[in-house]
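Participant: quick one, what's the 3D model for this:
(chains A and B)
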Amino acid sequence: MKTTRIGNGCGFWGDNVDAPIRLAQRGKLDYLTLEYLAELTMSILALQKQRDPQAGFATDFLDVLQRLTPILAQQPNLKIITNAGGMNPLGCAQRARDVLKQAGMARRVAVVSGDDLLPRLDALLVHQPLVNLDTGTPLQSIRARVVSANAYLGAKPIADALARGADIVITGRVADASLAVGPAMHEFGWRWDDWDRLSAASVAGHLIECGAQVCGGLWCNWREVGDLSDIGYPYVDLADDGSFTISSDAGPGVNRETLAEQLLYEVGDPARYLTPDVVADFTSVALEAMDDRTQRVHGARGQAATGTYKVSIAYRDGFMASGMLTIAGPDAVAKARLCGDALLRRVGVTFGRSNVECLGAGACAPGLSEPEASARAAGLAEVVLRVSVHDADRAKVERFTKEFAPLVTSGPPGVTGYTTGRPKVREVFAYWPSLIEKTAIEPSVEILT
Amino acid sequence: MTTTIRLSDIAHGRSGDKGNHANIAIIGYTQTAYDWLRDHLTAEVVANYFKPMQPGKVERFEAANVLGLNFLVHDILAGGASRSLRIDTQGKTLALTLLQMEIEAPANLDAMLRTKEPT
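Facilitator: Predicted coordinates for the structure are as follows:
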C-alpha cells in the first residue's frame, strides 16, 4: 500500500531552529511542515505589518529555508508546507522565492490567503456578529480595538496548491492539523466527504503539530528520554486506508505514553475535535506498538465538518509588565512577600489588576496553599519574587517598572538578581474566539512566478 | 492501616490551555488504573482539588482507547495566555499539580503501577 511521509520540524515560533534541518536530513520526508502561529502571534504580526507593509510574517522561516536549500538540492521531491506567512503570506512567499533563486533553485512557491478578515471586517459584521464563543458578546462592543481577525482555513487550499505543482506552500492562518491534512488529500485523492480518512489525517496532523511534544517532549517519564539535546522531531507514514505509523528522527521515539499525552493535549472533547476539515473522533483510534519507538494508529472515525470556520480575533486591552528579584534566605518567602507588597504600595496608584508571586514556593498553582506554607517552613535558600500589573494607562505601568531596583538598597537583606534592567511594558492583546459561516470566506491560492 | 499514594503512582498526564480554560489529561498506566480513575477521579473531585484557584465548571471526557480522562477546567487561568499575570499563563503545570493528589492506595494497587518502560 502506498504511504506518504509527513514530518513536522517546528511546533511554534521560537522552536529549535536546527530541528527542521535535522529532520529533513534524517527523516527522508515527502513533506516537511513548519508551524509558527500561536493564538496571539497574529496580533504581533499585524502590528509589524502596520509599521512596515513588507513585514508581518515569521521571519525565522527564511533562515530555515536558506539552511534547507542544500537539502532541497539533494531531495528534489521534498515539499514544504508552512503557516509562516502569518499576516503577510504573499510578502513571506516573495522573500522565500528570492532565497531559492539566490541558491539557484527553481521551485514553485504557492501562497494561500483569504484568512485575513480585517480589511472587510465591517462589511462582514453586517451579517456575522462574531460573538465571543466564551461570553456570547457581539464583537461590535470592542470593534474599535481590534488589531487582527483571522479565520482558520482548512486543508483544501493547501491540497489545491500542491495539485498546481507547488513545492513550497506558504499560508496565513490555517488550522494546525490541516498543514498535514493538505498533503494527505493531495497524495491520496480522498474525497472531501471521506470523514473517516479526513479524521485519520487530522489525528496525524494533531499528533505532530507541536513538534517534539509527541516524541519525548513534556513526557512525564522524562528520565527515559536519553539525550535531551537531540530529542528528535516526529513524522508519520500515512497509508491510503488512513492508518499511519508515527516515529521520530532521534531520541526516544513515540511510545504509548508519549502518544497518549499528546493525543489529548488541548483538545477539549476528544470525541469531537473540530477542525475546518472534519469533526474528528480521537477516541476512535487504536494504538499498536510496532517497536519501542514506533506506534501504529488506525481505525479513525470522523463526522461531517461544521458549516463554520473558527475565527481568532485579537484586540487592544491595555498594558502589562512583570519584574523579578531574587530573595535569599533566611526567611526568603516572608521577605519576598514583604517586598512585593511594599513595591506595589510605593507606586502609589491602584492598578486594574496586580499579582505578587513567590517562585519556588508554589506559584504555579496559587492558592493551593500547602506548597507556600511548606516552603516557608522548609526555609528555602532563595525564592524569586515576581510582581506583575495590568492597567489601561501605560504611564501607570511605566511607573511600576521603576520600583524594582530601589529594593536592592531599601528592602530587607538578601535582595539580589537585579541585572536585567527595568522590566519592559508590553501592550496586551486579548483573545476573542468566534465562528464565521464558511460561505463568507473564500480561500485563494496563488502560484508565484 | 491504609497507605497513601499519589495519583502519579498510577497515572501520567499533560496540560495546556484553551483560552481561559485549562485542558488537563490524566492517563492511567494500566487498564486497572484507568478503571479506578474513571470511577474515582470525577469532575467533582477535580473541581474540589483546584477550588483554591477558583475554577468555573469542570467537564470530564473519557478516552478509553488511551486509558485517558480529559478535564476541561473552565476559567482557571486568570485571563489565559494573553492576560494572565501568573508565571504559568497557560496552565502547563496543572497536570503535574493534579498528579500530586494524595489518594488512599487501592486494594489492587499492584495492577495499576507502571511496571516497565512503555512500548
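Participant: mind giving me the packing neighbours of the lowest-mean-pLDDT helix or strand in chain B?
Facilitator: Across the helices and strands of chain B, mean pLDDT, DSSP states H and E gives its lowest value to helix B:80-83, namely a mean of 88. The contact analysis (3 or more Cβ pairs under 8 Å, 6 or more residues apart in numbering or on different chains; DSSP states H and E) places helix B:80-83 against strand A:308-328, strand A:426-437. C-beta coordinates here come from the backbone N, C-alpha and C atoms, glycine included.
Participant: for the record, mean pLDDT for the longest one?
Facilitator: Mean per-residue pLDDT for strand A:308-328: 96.
Participant: right, is it up against chain B?
Facilitator: Yes - counting by Cβ under 8 Å from any Cβ of the partner chain, chain B has neighbours in strand A:308-328: A:314, A:317, A:320, A:322.
Participant: list the contacts of the spatially most central residue of chain A.
Facilitator: In chain A, the centroid-proximal residue (Cα atoms, centre = their mean) is A:A38; its distance is 3.2 Å. Neighbouring residues of A:A38 by Cβ atoms under 8 Å, 6 or more residues apart in numbering or on different chains: A:12-13, B:81.
Participant: how about A:Q140: what's its closest non-neighbour residue?
Facilitator: A:L125 (6.6 Å; Cβ to Cβ, 6 or more residues apart in numbering or on different chains).
Participant: with A:R301 instead?
Facilitator: That would be A:S284: by Cβ to Cβ, 6+ apart, it lies 4.0 Å from A:R301.
Participant: quick one: that neighbour and A:Q303 touch, right?
Facilitator: No - if you go by Cβ atoms under 8 Å, A:S284 and A:Q303 don't touch, sitting 10.4 Å apart.
Participant: the two: which is more packed in?
Facilitator: A:S284 (19 against 15; other Cβ atoms under 10 Å in any protein chain shown).
Participant: who's in contact with the more buried one?
Facilitator: A:199, A:271, A:299-301, B:65.
Participant: columns distance to A:D115 on top of those, output as JSON lines?
Facilitator: Listed next are these as JSON lines, based on distance: Cβ to Cβ, whole Å:
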{"residue": "A:S199", "distance to A:D115": "23"}
{"residue": "A:A271", "distance to A:D115": "27"}
{"residue": "A:G299", "distance to A:D115": "32"}
{"residue": "A:A300", "distance to A:D115": "26"}
{"residue": "A:R301", "distance to A:D115": "28"}
{"residue": "B:N65", "distance to A:D115": "33"}
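Participant: so what pLDDT did the residue nearest to A:R301 get?
Facilitator: Reported pLDDT for A:S284: 97.
Participant: dihedrals phi and psi, it?
Facilitator: phi -90, psi -20 (degrees, to the nearest 10).
Participant: roughly how far does it sit from A:L37?
Facilitator: To A:L37, A:S284 is 28 Å away according to Cβ to Cβ, to the nearest Å.
Participant: and what of A:R145?
Facilitator: A:R145 is 21 Å from A:L37, by Cβ to Cβ.
Participant: then A:D115?
Facilitator: Distance from A:D115 to A:L37, by Cβ to Cβ: 10 Å.
Participant: show me what residue of the stretch 51-200 of chain A gets nearest to chain B.
Facilitator: Scanning the stretch 51-200 of chain A for the residue nearest chain B gives A:D134, at 6.0 Å (criterion: Cβ to the nearest Cβ).
Participant: name the SS class of that residue, please.
Facilitator: Using DSSP: H, G, I helix; E, B strand; the rest coil, the structure places A:D134 in coil.
Participant: what of A:P412?
Facilitator: A:P412 - assigned by three-state DSSP - is coil.
Participant: before we move on, back to that, out of the helices and strands packed on helix B:80-83, which one sits most buried?
Facilitator: Mean neighbours per residue, mean count of other Cβ atoms under 10 Å in any protein chain shown, is largest over these for strand A:308-328, with a mean of 22.
Participant: who are the packing partners of the lengthiest helix in chain B?
Facilitator: Secondary structure of chain B per DSSP state H: the longest helix is helix B:31-40. If contacts are counted by 3+ Cβ pairs under 8 Å, 6+ apart, helix B:31-40 sits against strand B:21-28, strand B:68-73.
Participant: swap in 7 Å and give it another go.
Facilitator: strand B:21-28 (3 or more Cβ pairs under 7 Å, 6 or more residues apart in numbering or on different chains; DSSP states H and E).
Participant: show me how far stretch A:292-312 is from its chain's centre.
Facilitator: 18 Å (Cα atoms, centre = their mean, to the nearest Å).
Participant: could you do stretch A:76-95 as well?
Facilitator: 17 Å.
Participant: would you map out the domains in chain A?
Facilitator: Following automatic domain parsing, one gets these domains for chain A: A:3-115+A:152-306, A:314-432.
Participant: and those: which comes nearest B:T3?
Facilitator: Using Cβ to Cβ as the measure, domain A:314-432 is the one of the domains of chain A that comes nearest B:T3, at 19.9 Å.
Participant: can you check the distance spanned by the closest one, start to finish?
Facilitator: Separation of the first and last residues of domain A:314-432 by Cα to Cα, to the nearest Å is 6 Å.
Participant: from the chain's centre, how far out does that domain sit?
Facilitator: On Cα atoms, centre = their mean, the centre of domain A:314-432 falls 27 Å from the chain's centre.
Participant: circling back: contact partners of the least confident helix or strand of chain B?
Facilitator: Contacts to helix B:80-83, defined as Cβ atoms under 7 Å, 6 or more residues apart in numbering or on different chains, come from residues A:39-40, A:317, A:390, A:428-431, B:17, B:19-20, B:89-90.
Participant: can you do 6 Å?
Facilitator: Contact partners of helix B:80-83, identified using Cβ atoms under 6 Å, 6 or more residues apart in numbering or on different chains, comprise A:40, A:429-431, B:17, B:19-20, B:89-90.
Participant: can you report how many residues lie near A:Q102?
Facilitator: Applying other Cβ under 10 Å, we find 10 residues neighbouring A:Q102.
Participant: distance of the residue in the stretch 101-250 of chain A positioned nearest to chain B from B:P118?
Facilitator: Going by Cβ to the nearest Cβ, chain B is nearest to A:C220 of the stretch 101-250 of chain A, at 3.7 Å. A:C220 sits 11 Å away from B:P118 when distances are taken as Cβ to Cβ.
Participant: next up, the contacts around A:R97.
Facilitator: Contacts for A:R97 (Cβ under 6 Å, 6+ apart) come out as A:109, A:448.
Participant: where does it land in three-state SS?
Facilitator: Reduced to three states by three-state DSSP, A:R97 is helix.
Participant: what's across from B:R14 in the sheet?
Facilitator: B:A25 (DSSP bridges).
Participant: please disregard the earlier target; I meant B:T4.
Facilitator: For B:T4, the beta-bridge partners under DSSP bridges are B:E104.
Participant: quickly note the distance from it to chain A.
Facilitator: Using Cβ to the nearest Cβ, to the nearest Å, we find B:T4 at a distance of 14 Å from chain A.
Participant: please list the residues of the stretch 151-300 of chain A that sit near chain B.
Facilitator: Residues of the stretch 151-300 of chain A found near chain B (Cβ under 6 Å from any Cβ of the partner chain) are A:218, A:220, A:255-257, A:260-261, A:263-266, A:268-270, A:283, A:289, A:292.
Participant: make it 8 Å
Facilitator: Counting by Cβ under 8 Å from any Cβ, the stretch 151-300 of chain A sits next to chain B at A:218-221, A:224, A:255-257, A:259-271, A:282-287, A:289, A:291-292.
Participant: nothing else from me, thank you.
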